[in-house]
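Student: Just a sequence and a predicted model for now, questions to come.
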Amino acid sequence: MKRRTFLARSLSAALLGAGITALPGCGFQLRGTGATQDAGIERLVLATTPSALSDSVTRALHDAGIELSDAAPLRLNLGTERIQEISLSGSDSGTQEIELQLEVPFSIQRTADNAYLLDQQRMQVTTTFRANDNELLTRDNDRERALEALRRDAAQRLIDRLRNLDATR
């Protein structure tokens with residue numbers, strides 16, 4: 001009986017080990033780790049007004065290995081975010097489903113000649129959350145968490161645009 005258990009566990013461990021070693025070979029990566037964060041741009045000027053979105057973008061750029069410098073070859077012009085809240089529920093009381101939309105204008109320029117590599121575009125990210133009118137404090141906390149997630153998502157999408165821009169330069 002002990003030998004059968006030993007063989008079964010050994011076989012399970014060998015299969016698990018083979019599966020784990022095969023995952024990186026097929027291109028699998030955990031989100032936010034590894035080479036996917038390398039945007040291909042080493043330095044960047046961030047032209048924006050201080051805001052929660054600009055803080056998220058700054059963190060995302062830092063995490064992607066991009067240094068913010070006034071002597072960088074590219075400038076990311078980030079406009080003011082616009083937040084829209086839309087109630088998706090039919091009633092005005094009880095539990096409501098609310099859609100939050102964050103829209104931000106941006107453009108990318110070369111600093112040497114101010115030529116636009118990406119003319120002004122608008123990026124929009126959306127999420128939903130549930131809110132109960134009887135729990136106003138929880139509603140505010142849920143809204144803030146949803147906004148933070150939207151800002152992180154918008155910052156990551158900007159990094160993706162920079163990555164795509166670098167591939168076409």
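Tutor: Noted; the coordinates are in hand. Numbers count the residues shown, from 1 in each chain.

Student: From Arg75, how far out is Ala154?
Tutor: Here Ala154 is placed at a distance of 18 Å from Arg75 (Cβ to Cβ, to the nearest Å). Backbone N, C-alpha and C define where each C-beta goes, glycine included.

Student: Between the two, which is the more surrounded one?
Tutor: The neighbour count for Ala154 versus Arg75, taken as other Cβ atoms under 10 Å, is higher for Ala154 (23 against 19).

Student: contacting residues around the more buried one?
Tutor: 53, 56-57, 81, 102, 104, 123, 125 (Cβ atoms under 8 Å, 6 or more residues apart in numbering).

Student: how does it look with 7 Å?
Tutor: Residues in contact with Ala154 (Cβ atoms under 7 Å, 6 or more residues apart in numbering) are 53, 102, 104, 123, 125.

Student: Could I get those residues in TSV, plus columns for neighbour count?
Tutor: TSV is the format used below for the contacts of Ala154 (neighbours: other Cβ atoms under 10 Å):
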residue	neighbour count
Leu53	24
Leu102	21
Val104	26
Met123	18
Val125	18
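
Student: Quick check: strands, which of those residues are part of them?
Tutor: 102, 104, 123, 125 (DSSP state E).

Student: Am I right that Gln120 is in contact with Gln109?
Tutor: No. Gln120 is beyond contact range of Gln109, at 10.3 Å (criterion: Cβ atoms under 7 Å).

Student: okay, the two: which has more neighbours?
Tutor: Gln109 (19 against 11).

Student: My reading is that that one is in a strand; is that accurate?
Tutor: Yes. Counting by DSSP: H, G, I helix; E, B strand; the rest coil, Gln109 is found in a strand.

Student: what's the next secondary structure element after the worst-scoring helix or strand of the chain on mean pLDDT?
Tutor: Here the helix or strand of the chain ranked lowest by mean pLDDT, DSSP states H and E is helix 2-22, holding a mean of 62. As assigned by DSSP states H and E, the chain's next helix or strand after helix 2-22 is strand 43-47.

Student: for that next one, which positions count as buried?
Tutor: The neighbour-count check on strand 43-47 (16 or more other Cβ atoms under 10 Å) flags 44-46 as buried.
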